[in-house]
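# coords please:
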Amino acid sequence: MTVEELGHPLHGRRFRVAFRSFRPGSRGAYVLVFYRDGVLLRIPTAALSPPDAAQFPRTKLHAEAIAELVSLAQAYGLCPSPRDNSGRASTKRRRSRS
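This is a model prediction of the structure:
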């Protein structure tokens, strides 16, 4: 089976199925799959089918997009520069020998 949900961290990965739940319980319907070294992963069945056309795909933020957003905010003065520290700096404790 392949994880089809775009926002899922394992999107596009294929796994061998170990167990399928047919009755949704308190945790919802899921599939147990073999990962590696005998580890089983529980994946919601909703992550296995392609997203509906009516649903908007989930996106992940990328470092470049965040950097662009921060620079835009700075250009418009929305991110003030950090203020100077107030008060005196804390001192490090010395370890006493016993």
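# so for stretch 19-32, mean pLDDT?
Taken as a whole, stretch 19-32 has an average pLDDT of 77.
# just the buried residues of it, please?
Taking 16 or more other CB atoms under 10 Å as the neighbour-count basis, stretch 19-32 is seen to contain the buried residues Y30, V31. All C-beta spots, glycine's among them, are computed from the backbone N, C-alpha and C.
# which other residues reach it?
Outside stretch 19-32, the residues within contact range by CB atoms under 8 Å, 6 or more residues apart in numbering are M1, V17, A18, L40, L41, R42, I43, P44, T45, A46, L48.
# could you list the low-pLDDT ranges of the chain?
24-27, 50-60, 79-84, 90, 92-98 (pLDDT under 70).
# quick one: the strands in it?
Taking DSSP state E as the test, the strands found in the chain are 16-20, 30-34, 40-44.
# thank you kindly, that will do.
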